[in-house]
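Asker: Sequence first, predicted coordinates after that:
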Amino acid sequence: MSHIQALADAYRQGHHRVSAEVTTRLATIQHHDPTIQAFLSVQADLAMAHAQELDQRFQKGDTLPLLAGIPVAIKDNIHIKGRHTTCASKILASYTAPYDATVSGHLHAQGAIVMGKTNMDEFAMGSSTEQSAFQTTRNPRDVTRVPGGSSGGSAAAVAADMVVAALGSDTGGSIRQPAAFCGVVGLKPTYGRVSRYGLVAFASSLDQIGPLTHTVEDAAILLDAISGFDPMDSTSSNRPATRCYDGLRADIRGMRIGVPAELLGDTIDPAVKESVIAALDQLATHGASWEPFSMPALNAAVSTYYIIAPAEASSNLARFDGVRYGYRHPNGSTVKDMIATSRGHGFGDEVKRRIIIGTYVLSAGYYDAYYHQAQRVRRAISQQFQAAFATYDLIVTPTAPTTAFELGAHDRDPLGMYVADIATIPVNMAGLPAISIPCRPAPSGLPIGLQLIAPAFEEQRLLNAALLHQTLSMPTTQKEKP
Amino acid sequence: MILTPQELERIAQLAHLSLSTDDIHTYVPQIESILSHMNDLQAVVVPHEDPSEGVGAGIMREDHPMTHPDFSPQAQAPQWEGGFVVPRIS
C-alpha cells in the first residue's frame, strides 16, 4: 500500500500529526545519519515550522493535496531557492540557489516537507556515492557496502526511513542503480516528461529527474506531482500530463515481455540472473509471457555513453571557472591561470577524468572517430528499442549486474565501475522510461533490482506491471491501492 | 599507446584544468584504458546518416524549443521590479 496515501489519510482523519511525523523522521536522521551519511544538509527548523503550519490547516479542516505533510529529501543538484546546491563538489561548496527548480516548486506547492538535501557523486558522476567531495554514503542494508550512485544519498535516506520519498536525477542509471542496491523503488521518467529547469546539468540530452520511494504507488504519486510541460525547459514535452496514480492497476494480462539476451549473459552475477528469471516466471503465471531476444547494439552502449556523457559534461562544466560561481583559488598570476587552478583544485578526480575524456573526444582529429560515431550508435540503440517495442510491450532486465559492492572496490578501476552500468545506460540513450523494483534478494540478503522498460511516455504500463510484481513479491505487506 | 603525458597535458589545457604531475601519471593509464575500451565502437556498423535527424532527435535536442500554444518567451520572462529597460547601444 502507498505510504504516502496512508499518511495523508491519517492526517486528514486526525489520527496523526505532521509535526509528530517530522519529529520521528528527524530522530531517525539524528540516530542513523552519522553512520549512513545520506544527507549533506538537514533543515530541521524549517521542516518543523512547515509541519506546525500544516497541522493548523488540517485541524481547520482545509482540503490539502496528497503530498501535504509528507517528509521528502532532494538530491543536492536540484535547486531550492535560498538553500545550498553543492552538487557534492568543493567548487560549489558555498553556492546558494537563487531560484527554485520546477520540481522543487511543485513539491512545495503540494505541501511536501523538504527535510534536507542528499549526498551524491560529485556532479552526478559516479555509481557509488564515493565521489562526493564531502562524505561517503553507506548502504543501510549493509554499511560496509556502497548505496550505489549517483543518487545514493536519496536512496539511502528512503531505505533507512529517514524520509518517505526522495528525488534523484538519472543520467545513466543514477536513480535505478542505487534503488536496486538499497532495496527501494526508483523511477526514471521519459526524457522531457519532468522539467530539468533548476537541475544542475551533467549531460543535458540524458539527464532526467525522478522519484525514489518504498512502493510503486508512491513512485506514481511523486511522478504525477513533478510531471508536466514547463516553458522554462526547452526539452520539456508538451504532451498533456496523465495521472498515473489514478490509473494504477496490478494487471499485465496478455503482455509480451522481451528480455535482451545480452543482459542475461556471463557478465551478470548468477544470483541476480536467478532472481530476475524467477520474477519473470512469476509474472508469466499471471497472464504475461516472456522470451529472450537480441539487441546487439547494447554491447556498445557503455562505450557510447562514456563518450557522449563526458562530451556534454565538458561543455556544461565549463561555466565553473572561479569567476562566476563558487570556489576561486587564491593563486594565479593571470585570469587564465586562476581559472585553470580553481578548476584543478575545485573538481574531484572523477569529474576531472570525465572532463578530460570529453575534451579529448571533441577535439580536432578525434571528433569523427569518437563523438560522431557514438551519436550514430546511439541512434542504432534507439532504433533497436523501437523495433523491440513493435513485438514486446515491456523489456525487462536486471538493474545492475551485481548486488551492492564493497566500499572502495573500484577505487583504482574506473572502467570497472563504468561497465557495471550496462543495463541502465541504454535507457537514457533512447530517452525511455524505466523503473527498478526490488525482486528476490540474493542468498547474502542483499537487494536485487528488476528493471522494467517501456516505450516513451508509457509510464502507466510500467507502473502497472511493477505494481503487480510488488503485490506478488510481498503479499503479506502489500495490497491493492485503496 | 593512445595517450601520452604530453597529449594529456595539451587536453587539460584545452579544458582549463591545471593538473599536478601526480595527477597526470594517475590519469594517463586510466584514461588510456577507457579510450581503448571505446575503440570497440569503430567495429559497430551503423547507417551512415546524420545522427541529428530522425529517431528520438525531436525530444533530445535543446536547440529547437518545443512548440506549445501557451509558450511565449515574453510572457514567461521574469517580472522585473520597476520594469525592464533594454540598454541602448550607441
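Answerer: Nice, thanks for sending it over. Numbers count the residues shown, from 1 in each chain, chains lettered A, B, ... in the order given.
Asker: Show me what A:Ser41 is bridged to.
Answerer: Going by DSSP bridges, A:Ser41 is paired in beta bridges with A:Lys117.
Asker: quick one, strands of the stretch 251-400 of chain A?
Answerer: With strands called from DSSP state E, counting those that start in this stretch, the stretch 251-400 of chain A shows them at A:256-260, A:289-293, A:394-398.
Asker: Kindly provide the distance from the spatially most central residue of chain A to A:Gly210.
Answerer: In chain A, the centroid-proximal residue (Cα atoms, centre = their mean) is A:Ile175; its distance is 2.0 Å. Using Cβ to Cβ, to the nearest Å, A:Ile175 is found at 5 Å from A:Gly210. Placement of C-beta: from N, CA and C, glycine included.
Asker: list residues touching both of the two?
Answerer: With contacts defined as Cβ atoms under 8 Å, 6 or more residues apart in numbering or on different chains, the residues shared by A:Ile175 and A:Gly210 are A:Gly168, A:Ser169, A:Gly186, A:Leu187, A:Lys188.
Asker: Low-confidence stretches in chain A?
Answerer: Where chain A drops to pLDDT under 70, the residues are A:474-482.
Asker: do that again at 90, thanks
Answerer: Along chain A, the model assigns pLDDT under 90 to residues A:1, A:238-242, A:251, A:323-327, A:330-333, A:364-369, A:410-416, A:473-482.
Asker: hang on, the earlier thing: would you mind finding the most buried of the strands of the stretch 251-400 of chain A?
Answerer: Highest mean neighbour count among these (mean count of other Cβ atoms under 10 Å in any protein chain shown): strand A:394-398, with a mean of 26.
Asker: who does it pair up with?
Answerer: Looking at strand A:394-398 with DSSP bridges, its partner strands are strand A:256-260 (parallel), strand A:448-453 (antiparallel).
Asker: Columns distance to A:Leu46 on top of those strands, output as JSON lines?
Answerer: Putting the strands paired with strand A:394-398 into JSON lines (distance: least, Cβ to Cβ, whole Å) gives the following:
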{"stretch": "strand A:256-260", "distance to A:Leu46": "45"}
{"stretch": "strand A:448-453", "distance to A:Leu46": "33"}
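Asker: just so I know, which of the ones you listed lies nearest A:Ser94?
Answerer: Judged by Cβ to Cβ, the one of those that comes nearest to A:Ser94 is strand A:448-453, at 35.8 Å.
Asker: Following the chain onward from the closest one, which element is next?
Answerer: Per DSSP states H and E, the first helix or strand lying C-terminal to strand A:448-453 is helix A:459-473.
Asker: Find the nearest non-adjacent residue to A:Pro441, please.
Answerer: A:Pro447 (5.5 Å; Cβ to Cβ, 6 or more residues apart in numbering or on different chains).
Asker: Please apply the same query to B:Ala15.
Answerer: Spatial nearest neighbour of B:Ala15, excluding adjacent residues (Cβ to Cβ, 6+ apart): A:Thr359 at 4.2 Å.
Asker: show me the contacts for the one you found.
Answerer: With contacts defined as Cβ under 8 Å, 6+ apart, the neighbours of A:Thr359 are A:Ser314, B:Ile11, B:Ala12, B:Leu14, B:Ala15.
Asker: Restricted to buried residues, select those in ChimeraX.
Answerer: Typed into ChimeraX, the next command selects the buried ones out of the contacts of A:Thr359 (criterion: 16 or more other Cβ atoms under 10 Å in any protein chain shown):
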select /A:314 /B:11,12,14,15
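Asker: Would you list the phi and psi of the closest residue to chain B within the stretch 51-200 of chain A?
Answerer: The minimum distance from the stretch 51-200 of chain A to chain B, using Cβ to the nearest Cβ, falls at A:Gly192 (4.9 Å). Backbone geometry at A:Gly192, expressed as degrees, to the nearest 10, gives phi 100, psi -10.
Asker: can I assume it is in contact with A:Ser236?
Answerer: Yes: contact between A:Gly192 and A:Ser236 holds when scored by Cβ atoms under 8 Å: they sit 5.8 Å apart.
Asker: follow-up on the earlier one: JSON lines for the strands of the stretch 251-400 of chain A, including distance to B:Pro5?
Answerer: Below are the strands of the stretch 251-400 of chain A laid out as JSON lines (distance: least, Cβ to Cβ, whole Å):
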{"stretch": "strand A:256-260", "distance to B:Pro5": "40"}
{"stretch": "strand A:289-293", "distance to B:Pro5": "45"}
{"stretch": "strand A:394-398", "distance to B:Pro5": "39"}
